[in-house]
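Peer 1: The following block contains a protein sequence and its predicted model.
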Amino acid sequence: MAPDLPPTDHPAPGGLVDKRTKGRVARLIPIIEPLRPLIIRRIQAARGDPDARLYTGPRCARISTAVLRDATHWDDVTRDLGYEHLRRHDLRHTGLTWTADVGILPHILMEIAGHRLITTTQRYFHPDVLRILEAGQSLTHHLEKLQRDGQITRRW
């Protein structure tokens, strides 16, 4: 007979073990203004305990992948939106793409993402069709200005 293990929400035998970030380096991440009051309230609730979790799952445990999926109704939401293929990690790609779209420099995005190589960060960027069309319009306007200013003499 197997030994009694404490109840756990975690899928692995004995539960999940907390570990450092994938790159093993702590990093600063920007917090958008609408989230700041929520996070400040959670920090205050921690009462100065540097090891306290800001958010916990059932029984004050670490939030596991399954708990997060269930709490957000991920499967239902993605199905109802017609995005059954969407994974939560895809939101990381979206966030980095949006941050790049507002003009944040690639080396800063690399730090935010915790990547060691810029090429890894670049794989996270997925510009939408509108951004690609805007790039073509910008190039057209630039070439027209160069032509008007006499810097190019023939039609490109």
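Peer 2: Okay, I see it. Numbers count the residues shown, from 1 in each chain.
Peer 1: Now do the contacts for the residue positioned nearest the centre of the chain.
Peer 2: Nearest to the geometric centre of the chain sits residue 92, at 2.6 Å (CA atoms, centre = their mean). Applying CB atoms under 8 Å, 6 or more residues apart in numbering to residue 92 gives the contacts 113, 124. Using the backbone N, CA and C atoms, a C-beta is placed for each residue, glycine as well.
Peer 1: Name the SS class of it, please.
Peer 2: At residue 92 the chain is in helix, as set by DSSP: H, G, I helix; E, B strand; the rest coil.
Peer 1: Check the gap between it and residue 29 for me.
Peer 2: 11 Å (CB to CB, to the nearest Å).
Peer 1: again with residue 125
Peer 2: Noted for residue 125: a distance of 17 Å to residue 29, by CB to CB.
Peer 1: Over to residue 44?
Peer 2: Going from residue 44 to residue 29 by CB to CB gives 20 Å.
Peer 1: What of residue 106?
Peer 2: 16 Å.
Peer 1: okay, those two: which has more neighbours?
Peer 2: residue 106 (12 against 9; other CB atoms under 10 Å).
Peer 1: pretty sure the more buried one is touching residue 118, no?
Peer 2: Yes - here residue 106 reaches residue 118: they are 5.8 Å apart, a contact under CB atoms under 8 Å.
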